[in-house]
Every structure is written in structure tokens, then in C-alpha cells.
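K.L.:
The following block contains a protein sequence and its predicted model.
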Amino acid sequence: MRKAKGASKAMSTFERYLSIWVALCIVAGVALGQLLPIVPETLSRFEYARVSLPVAVLIWVMIYPMMLKIDFASVVQAGKKPKGLVITLVMNWLIKPFSMFFFAWFFLQVVFEPLLGAEIAQEYLVGAVLLGAAPCTAMVFVWSHLTRGDAGYTLIQVAINNIVLLFAYTPIVMLLLRLGNVFVPLDTVILSVVLFIVLPLAAAVISRRIAIARRGRQWFEKVMIPTAGRFPTVGLLLTLILLFSFQGEVILNNTLHIVLIAIPLVIQTFFIFGIAYGWAKLWGVNHEVAAPAGMIGASNFFELAVAVAISLFGLQSGAALATVVGVLVEVPVMLALVAIANRTRRYFPCASSEPIHDSTEALATEN
């Protein structure tokens, strides 16, 4: 059980109870918007090209520490075990965005449209598309550790996905939004990607190299990374409070909408994990690579999706609300997948013979 408890410590209190914090942010944000409307009204005035400057700062606070973890020099090692990368890339860029579009379209614009209305259903579809086109880059390290995945290989998978993200996210989003009869100027999407991916990534690469050159890799990994890792918590929570301060009326009047949005998102998560994980089993991929490969595709880069939704459609949009629902369901669903991966480990080739304990059970035991 010691191993399992050690793995569970990889998750901070914030990460373990992310859904609870998000729920509290909903309450705090709605209360702020209702009791002190001057706050969101004032902050909404600070924007450029439809990008909220206060939110942009908070998004940077979230994304930069995550980018800081990526060592692009390790990408060259990926060729030694290509199967896991093939699964990840095919699932993330050839299947996941389109299956997300299908599930969101079917449930939101067909099944639930009488409950939602055509216009708001379309906005929720847009938010789902923004989520589906962005594979996970940060929390997947936690899921990988809980399944005793190959940490180095997971890093390579994340690094390559970030590279692909720079070039593939914009055209995929543009294609799917046009399929949903939503037309967004290309330069607006590119601006969002540059602002929330390219610039923080460049800043992270430069600061990473400077820190390692001046203080050494051990200081960078033991001091700088843990210190920077505290900031995404603050950035995410403050972003959600601000977002929900603008969404108060929508939530109070349409609480059911949150449940309806969550349904296709949850189905999509299990669907993508099932295909990736099953494919890895049939292909004889080691569990240390197979589990993280399924997790990367199943989870989403929700920080980016929230940022793009806000910048393109505004804080009060249904698209922004849909991406935040993605945050709300992320942790409980992913912990369920962690449990599935751990309990089916024996069916996969394994690089190490040491038995694994169910990390989710360890979490319950500790708490």
C-alpha cells in the first residue's frame, strides 16, 4: 500500500478536489455578479480585440508553469517506442475532435435542443469543439503517475502534442465550427493561439534554459517547478470566479443546462479512452505507455479551451460556459479511468513486474 499512497501524493489537495473547488467558484462567482455587479462590469472594460486583459493575465498564470515542465530536447527519444506516439497522435488529431463534434451535435443540437433552444445549443456546441480539439498537457502527468506510467515517455507525448497543437488546433477548430454553421475570423483564432500557446511556450523555453544554465537542473526540478506549480491553482480559481460572475443569470435560470452539457462531454471521455486503451492492448503496448496514451486523449487542455472561448465569444457566452463545464467533470471522470486502467493492468505487457495498488482506493483510504 505504500506505493499507492506515494502515488496519491502526486495530487495536491487542489487537484484531488478540483470539482469541489469549481463548484465553490460557481457559487462565489454568481454571488459576486449578483451582489457586486460593479466588479465584473469594471473588469469587462479592460479588453483588446475581444480578449479580456484580466483573464489573459490569469490564463498566463495557469499555462506558463505547465509549459515550463516540457523538455523538448527529449522529443528525439520518441522513435525508440513509436507505437504509443502513433496512438496518441491519431486519437488526438484524427478522431477526438470529430467524435467530440458528433456527440456534442447529437445531444445538444438534436436531443436536447427543445430544452436548450437553437441559439444557445449552438453556443454550447462551439465550447465542446474548443475542448475536443485541445488534448491534455498538464493534468495528464498526474494521471500518468497514478497509473504508474512511464514519466519520460509521457513527457515526450505531451511535448509532441504541444508542437502539433501549434499547427493543428486552429485549422481543426475552424473546420468544425464551419460545420456547425459558426464562422469565426481566422485571425482571431490565430491571435488566441499565439497569445495562449506560442508566447507562454516561448517564455517557458527561454526561462527554462536560463534557470538550468545558472542554477542547474536539480534546482530547476526541485525548486523552480514546484514553486511555479502553485500559481495555476490561483489562476484557474480566479478565472472561474470571474467567468461565473458574468454567467450568474444564465446559471440561476438554466441550472439544467450544466447537466445537459456534461452528458456528451462524459460520453466523449469514456469513448476516446476506450478506443485508445483498447488499441494499445491489441497492439501489445506496455501498460506504462498505454495508460498515459489513453489519458492524454481522454482529458482536455481545458485552460486553453476556456481562454479561446472567452477571447472569441466573451465571458458571458454559452461557449465559455460549456468549456467551464469541461473543468467541472474532468477530475471525477479521469479518476474513474485511472481506476479502470489500474484494475486492468494485468492484461497488458508490463515493463516492470511489481504489482500496483488501486490509487483511487488509496485516495479514499487516506481521506
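P.N.:
Sure, I can see it. Numbering: from 1, shown residues only.
K.L.:
Where does pLDDT dip in the stretch 1-150 of the chain?
P.N.:
Along the stretch 1-150 of the chain, the parts satisfying pLDDT under 70 run over 1-19, 44, 47-52, 66, 70-80, 137-138.
K.L.:
The residue located most distally from the centre of the chain: which element?
P.N.:
The outermost residue of the chain, judged by C-alpha distance from the chain's mean C-alpha position using C-alpha atoms, centre = their mean, is residue 214 at 32.0 Å. Residue 214 is part of helix 199-215, with elements assigned from DSSP states H and E.
K.L.:
Heading C-terminal from that helix, find the next helix or strand.
P.N.:
Later in the chain than helix 199-215, the nearest helix or strand by DSSP H and E is helix 217-219.
K.L.:
What are the buried residues along that next one?
P.N.:
Buried positions in helix 217-219, judged by neighbour count with 16 or more other C-beta atoms under 10 Å: none. C-beta coordinates here come from the backbone N, C-alpha and C atoms, glycine included.
K.L.:
Show me what the helix holding residue 214 is packed against.
P.N.:
Helix 199-215 makes packing contacts with helix 53-68 when contacts are defined by 3 or more C-beta pairs under 8 Å, 6 or more residues apart in numbering; DSSP states H and E.
K.L.:
So what's the gap between the helix or strand just after the helix it packs on and the chain middle?
P.N.:
Next along the chain after helix 53-68, taking DSSP H and E as the criterion, comes helix 82-90. With C-alpha atoms, centre = their mean, to the nearest Å as the basis, helix 82-90 stands 19 Å off its chain's centre.
K.L.:
For helix 82-90, name the packing helices and strands.
P.N.:
Counting contacts by 3+ C-beta pairs under 8 Å, 6+ apart, the secondary-structure elements packed against helix 82-90 are helix 151-179, helix 255-282, helix 287-298.
K.L.:
Residue 229 is nearest to which of the ones you listed?
P.N.:
When those are ranked by distance to residue 229, counting by C-beta to C-beta, first place goes to helix 151-179 at 15.0 Å.
K.L.:
Give me the number of neighbouring residues for residue 304.
P.N.:
Here the number of neighbours of residue 304 (other C-beta atoms under 10 Å) works out to 26.
K.L.:
whoops, I mixed them up, residue 282
P.N.:
A count of neighbours around residue 282, defined by other C-beta under 10 Å, yields 7.
K.L.:
now do the one 4 residues further on
P.N.:
Burial of residue 286, expressed as a neighbour count using other C-beta under 10 Å, amounts to 19.
K.L.:
Then residue 252?
P.N.:
In terms of burial, residue 252 registers 11 neighbours under the definition other C-beta under 10 Å.
K.L.:
Which pLDDT value goes with it?
P.N.:
Looking at residue 252, its pLDDT stands at 73.
K.L.:
can I get the CA coordinates of the host helix or strand of residue 100 in PDB?
P.N.:
Of the helices and strands defined by DSSP H and E, residue 100 is found in helix 96-106. C-alpha atoms of helix 96-106 as PDB (Å, rounded to 0.1, in the frame of the first residue of the first chain):
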ATOM      1  CA  LYS A  96     -11.100  13.000 -30.900                       C
ATOM      2  CA  PRO A  97     -12.000  16.500 -32.400                       C
ATOM      3  CA  PHE A  98     -14.500  14.900 -34.700                       C
ATOM      4  CA  SER A  99     -16.100  12.500 -32.200                       C
ATOM      5  CA  MET A 100     -16.500  15.400 -29.800                       C
ATOM      6  CA  PHE A 101     -18.200  17.400 -32.500                       C
ATOM      7  CA  PHE A 102     -20.500  14.400 -33.200                       C
ATOM      8  CA  PHE A 103     -21.500  13.800 -29.600                       C
ATOM      9  CA  ALA A 104     -22.000  17.500 -28.900                       C
ATOM     10  CA  TRP A 105     -24.000  18.000 -32.100                       C
ATOM     11  CA  PHE A 106     -26.200  14.900 -31.500                       C
END
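K.L.:
which secondary structure elements does it contact?
P.N.:
With contacts taken as 3+ C-beta pairs under 8 Å, 6+ apart, helix 96-106 sits against helix 118-132, helix 151-179, helix 255-282.
K.L.:
Including distance to residue 199, could these go into TSV?
P.N.:
Listed next are those as TSV, based on distance: least, C-beta to C-beta, whole Å:
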stretch	distance to residue 199
helix 118-132	19
helix 151-179	11
helix 255-282	28
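K.L.:
lowest-confidence stretch among these?
P.N.:
If the helices and strands packed on helix 96-106 are sorted by mean pLDDT, helix 151-179 sits at the bottom with a mean of 79.
K.L.:
just checking, what packs against it?
P.N.:
Applying 3+ C-beta pairs under 8 Å, 6+ apart, one finds that helix 151-179 makes contact with helix 82-90, helix 96-106, helix 118-132, helix 140-146, helix 186-193, helix 287-298.
K.L.:
related to what we said a few turns ago, most neighbours per residue, which of the helices and strands packed on helix 96-106?
P.N.:
Mean neighbour count, computed with mean count of other C-beta atoms under 10 Å, is highest for helix 118-132 among the helices and strands packed on helix 96-106, reaching a mean of 24.
K.L.:
buried stuff in whichever helix or strand residue 22 is part of?
P.N.:
Assigned by DSSP H and E, residue 22 belongs to helix 18-35. When neighbours are counted by 16+ other C-beta under 10 Å, the buried residues of helix 18-35 are found to be 18-19, 21-22, 25-26, 29-30, 32-33.
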